[in-house]
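A.B. asks: how would this look folded up:
(one chain, ligands or ions: 1)
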Amino acid sequence: MQPSPPRIVEPCGPSPVLCGFGGHLPEPVVTNHELATRLDTSDEWIRQRTGIAQRHRVAPGGATSDLAVEAGRQALASAGGGTVDAVVLATSTPDHISPATAPDVAARLGLGPVAAFDIGAVCSGFVYGLAVSASLVRAGVATRVLLIGADTYTTLVDPNDRTTAILFGDGAGAVVLRAGRAGEPGAVGPFDLGSDGTRKDLILVPNGGSRQRSRSARPPVGSDPRDDHVHVVGGEVFQHAVRRMCQSTRNVLDSAGWSLDDVARLLPHQANHRIATAVARRLDLPEDRLLSNIEQVGNTAGASIPLLLARTWERGLLRPGDKVVITAFGGGLTWGSAAISWPSPGPPEDPLGRE
Ligand code: COA
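C.D. replies: This next block holds a predicted model:
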């Protein structure tokens, strides 16, 4: 007897559906040429090795919440206004170590006393946040969630370190999830999430947490001022990123019952254009099915995928129901992927499916 094919079991209950997108980039633009005036680097090197031409930097005194509020406002407007039951903020550059930044964002958006919390999974934070937000909807805890990915890594990089200062930019992207029906355009999931804490050293900000307070709070003996900044072991990160995003994409395709041929577009975390093309090559996915905006924004960490989603939405690059996979990799190490059916424009359907 032939073994029966694997059966995809749809979880019961309301299904999480995307219904709004927003993105915000701060005004100041830092070009490669500008960086090359003060660092031992060049526009040619940065473009060839990373695909980045420019990045945005938060204005002096600005913070992650300022960008998150703007992106959140846009996503809510794109979802037709109204309120939400929860605000989830994926960030690893919160305004403060404590409290979380999401409650401040919710208050400034005038959303009232809604649930609001941060998720810290670095560059994978948006995918983790999407899985958590989708679970809130599925569990009936929320019928509408505002999920924002926002980061300001330019406040953490050592401006004199040419290996990191060229990579990172600031920004925020946001989506609104609502309770909907399984299989309708905009449906999100399944997900694949993973981590490997044994390699936390590869992307690390040594100071500022409970293990090693900031130098101004308590100068540790022999402390290195560079430990206030993000350290990245670029070459190793590159290899882990390619391997993990490929495997995670395959896992999510298996769970969704999709083949690679079904996938209209892959939206990978924008860390380095060479990482994205290596992922496509290893998956045997034609490069024209990759979406990218790294040239204009650099690596915006938790904002990377929602900014790319917002841009794709704004430009009308996909049709309702197109199968899309997002995949991310970041510090932790963490990684994650999600299957998305591209949403329809226009007013969202009634969450209970009433005509
Ligand atoms: N300008 C000019 N030369 C530079 C440079 C810069 N900005 N940064 C490094 N170099 C030099 C190195 O010193 C090295 O010189 P050497 O050969 O004389 O030793 C040479 O360029 C090659 O360095 P290498 O690190 O091997 O380059 P790379 O091709 O791996 O690119 C990264 C470096 C950082 C761009 C790349 O590894 C990367 O993108 N990694 C992942 C990004 C990341 O960590 N993102 C954050 C988490 S998602």
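A.B. asks: if I pick residue 148, what's in contact with it?
C.D. replies: Residue 148 makes contacts with 68, 71-72, 75, 87-90, 102, 105, 172-174, 306, as judged by CB atoms under 8 Å, 6 or more residues apart in numbering. C-beta here means a position set from N, CA and C on the backbone, and glycine is covered the same way.
A.B. asks: of those residues, which belong to helices?
C.D. replies: 68, 71-72, 75, 102, 105, 306 (DSSP state H).
A.B. asks: let me know the closest of those to the ligand.
C.D. replies: residue 306 (15.5 Å; CB to the nearest ligand atom).
A.B. asks: look up phi and psi at residue 204.
C.D. replies: Taking degrees, to the nearest 10, you get phi -150, psi 140 for the backbone angles of residue 204.
A.B. asks: quick check: residues of the stretch 151-300 of the chain near the ligand?
C.D. replies: Proximity of the stretch 151-300 of the chain to the ligand, by CB under 6 Å from any ligand atom, involves residues 162-163, 166-167, 203, 232, 234-235, 237-238, 241, 271-272, 299.
A.B. asks: cutoff 8 Å now
C.D. replies: Taking CB under 8 Å from any ligand atom as the criterion, the stretch 151-300 of the chain approaches the ligand at residues 162-168, 202-203, 232-235, 237-238, 241, 269, 271-272, 274-275, 299.
A.B. asks: of those, select the buried ones using a ChimeraX command.
C.D. replies: To isolate the buried members of these in ChimeraX, using 16 or more other CB atoms under 10 Å:
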select :162,164,165,166,167,168,202,203,232,237,238,241,269,271,272,275,299
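A.B. asks: so which of the residues of the stretch 151-300 of the chain next to the ligand sit within helices?
C.D. replies: 162-165, 234-235, 237-238, 241, 274-275.
A.B. asks: look at the residue in the chain that the ligand sits nearest to and report its pLDDT.
C.D. replies: Residue nearest to the ligand within the chain (CB to the nearest ligand atom): residue 234, separated by 2.8 Å. pLDDT for residue 234: 96.
A.B. asks: I'd like to know how far it sits from residue 256.
C.D. replies: From residue 234 across to residue 256, the span is 32 Å (CB to CB, to the nearest Å).
A.B. asks: ok, which stretches of the stretch 251-355 of the chain are strands?
C.D. replies: Ranges of strands in the stretch 251-355 of the chain, per DSSP state E, counting those that start in this stretch, are 263-268, 323-330, 334-341.
A.B. asks: now these in a markdown table, with mean pLDDT?
C.D. replies: Shown next, in a markdown table, are those (pLDDT from 0 to 100):
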| stretch | mean pLDDT |
| --- | --- |
| strand 263-268 | 98 |
| strand 323-330 | 98 |
| strand 334-341 | 98 |
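A.B. asks: pipe those into JSON lines and attach mean neighbour count per row.
C.D. replies: As requested, the strands of the stretch 251-355 of the chain are arranged in JSON lines below (neighbours: other CB atoms under 10 Å):
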{"stretch": "strand 263-268", "mean neighbour count": "22"}
{"stretch": "strand 323-330", "mean neighbour count": "27"}
{"stretch": "strand 334-341", "mean neighbour count": "26"}
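A.B. asks: ok, which of these comes nearest residue 180?
C.D. replies: strand 334-341 (10.5 Å; CB to CB).
A.B. asks: angle of the closest one against strand 323-330?
C.D. replies: Between the axes of strand 334-341 and strand 323-330, defined by axes from the mean of the first three to the mean of the last three CA atoms, to 10 degrees, the angle is 170 degrees.
A.B. asks: now do strand 334-341: which elements does it pack against?
C.D. replies: Under the contact criterion of 3 or more CB pairs under 8 Å, 6 or more residues apart in numbering; DSSP states H and E, strand 334-341 touches helix 125-138, strand 188-195, helix 234-256, strand 323-330.
A.B. asks: tell me the most buried of the ones you listed?
C.D. replies: strand 323-330 (a mean of 27; mean count of other CB atoms under 10 Å).
A.B. asks: is that one anywhere near the ligand?
C.D. replies: Yes. Residues of strand 323-330 are located near the ligand by CB under 8 Å from any ligand atom, namely 329-330.
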